[in-house]
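Asks: this one's structure only:
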Ligand SMILES: Nc1ncnc2c1ncn2[C@@H]1O[C@H](COP(=O)(O)OP(=O)(O)OP(=O)(O)O)[C@@H](O)[C@H]1O
Ligand SMILES: [Mg+2]
């Protein structure tokens, strides 16, 4: 096995007195596809937000793409350049066109010339199959299209790792597939990804591993088929019976 691209080593985090992440040990290999699931409040978002330093942690060590994330600004900047993140809410700027949303960070943060940033942006819009919408404003697009734009925006900074936090849960059912298809195609191209989702079909089709969290702990780690067909723990069984009951 090669070196892990992400490694949590006994990571603990508190919000005030609330112990939100407990002794997290988790290694992710380059190109690996991980799905994270678990009940509401179990710490899934907090865990993946630690990976691009949107959250800090108090104990243990988290190494991402060769940098140890602590409070060192240099490490945070290095990691943010390598990690893209897509949220449930698309967080596009409504007063900017799709193309302007995509070129904003490359021009103002990465310092690319505008023409070059636009070329990259158009290529990424092609990749998520939405290039024809480049000159529209986000609110003129469907939710599924907006989420694909948000994915393209992340890709413009050529991340090595993509984090998705329930990327389809704000979408109408008929738009879920178009977004998942884009994520699947990224997976097929070898992107390292961690995706918080309860979309079981997607997890079975794409994930190398499912991580099941409860109360701030990684309770189970297994292949999707093994986890969904025969969870090892009562907590895993209980969780699956609830999401299958809907
Ligand atoms: N900034 C914060 N300050 C204090 N507590 C927080 C903060 N963010 C999250 N929490 C708490 O930490 C716990 C874990 O939150 P987190 O958002 O990681 O859960 P989650 O598994 O993503 O849940 P969901 O499925 O609802 O998105 C929750 O109890 C939440 O209330
Ligand atoms: Mg969450």
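Replies: Perfect, I can see it now. Please read all numbers here as calculations on a predicted model, not as lab measurements. Ligands and ions are numbered 1, 2, ... in the order given.
Asks: Check the average confidence over stretch 7-27, would you?
Replies: Averaged over stretch 7-27, pLDDT sits at 97.
Asks: What are the buried residues along it?
Replies: Buried residues in stretch 7-27, counting neighbours by 16 or more other C-beta atoms under 10 Å, are found at 7-8, 11, 13, 19-22, 24, 26. (C-beta placed from N, C-alpha, C; glycine too.)
Asks: Just the terminal-to-terminal distance for that stretch.
Replies: Terminal residues of stretch 7-27 are spaced 4 Å apart (C-alpha to C-alpha, to the nearest Å).
Asks: next one: stretch 155-162
Replies: Using C-alpha to C-alpha, one end of stretch 155-162 lies 9 Å from the other.
Asks: What lies in contact with it?
Replies: 5-6, 30, 51, 64-65, 81-86, 102-103, 105-106, 110, 117, 120-121, 124, 127-128, 151, 154, 186, 191-194 (C-beta atoms under 8 Å, 6 or more residues apart in numbering).
Asks: Now with 6 Å, please.
Replies: When contacts are defined by C-beta atoms under 6 Å, 6 or more residues apart in numbering, stretch 155-162 is touched by residues 65, 82-84, 102, 106, 120-121, 124, 191-193.
Asks: what's the answer for stretch 12-21, then?
Replies: Outside stretch 12-21, the residues within contact range by C-beta under 6 Å, 6+ apart are 11, 43, 46, 57-60, 216.
Asks: Make sure residue 148 is indeed in a strand.
Replies: No. Counting by DSSP: H, G, I helix; E, B strand; the rest coil, residue 148 is located in no strand; its state is helix.
Asks: Please tell me I have it right and it contacts residue 128.
Replies: Yes. Residue 148 sits in contact with residue 128 when judged by C-beta atoms under 6 Å, with a separation of 4.1 Å.
Asks: From the contact counts, what lies against the biggest helix by length in the chain?
Replies: In the chain, taking DSSP state H as the definition, the longest helix is helix 173-188. Packing partners of helix 173-188 (3 or more C-beta pairs under 6 Å, 6 or more residues apart in numbering; DSSP states H and E): helix 143-155, helix 200-206.
Asks: List the buried residues of that helix.
Replies: Quick answer for helix 173-188 (16+ other C-beta under 10 Å): 175-180, 182-183, 186-187.
Asks: now swap in stretch 55-66 and tell me
Replies: Result for stretch 55-66 [16+ other C-beta under 10 Å]: buried residues 55, 57, 62-65.
Asks: do the same with stretch 123-141
Replies: Buried residues in stretch 123-141, counted by 16+ other C-beta under 10 Å: 124-125, 127-128, 130-131, 133-134, 137-138, 141.
Asks: any chance of those residues in TSV, with pLDDT, secondary structure and distance to ligand 1 too?
Replies: Formatted as TSV, the buried residues of stretch 123-141 follow (pLDDT from 0 to 100; DSSP: H, G, I helix; E, B strand; the rest coil; distance: C-beta to the nearest ligand atom, whole Å):
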residue	pLDDT	secondary structure	distance to ligand 1
124	96	helix	27
125	97	helix	29
127	93	helix	28
128	94	coil	24
130	95	coil	27
131	96	helix	32
133	96	helix	29
134	97	coil	32
137	98	coil	28
138	97	helix	23
141	97	coil	25
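Asks: how about the residues you listed, which pair is most distant?
Replies: 127 and 137 (20.9 Å; C-beta to C-beta).
Asks: hang on, the earlier thing: kindly identify which of the buried residues of helix 173-188 also come near ligand 1.
Replies: Among those, proximity to ligand 1 is found for none (C-beta under 6 Å from any ligand atom).
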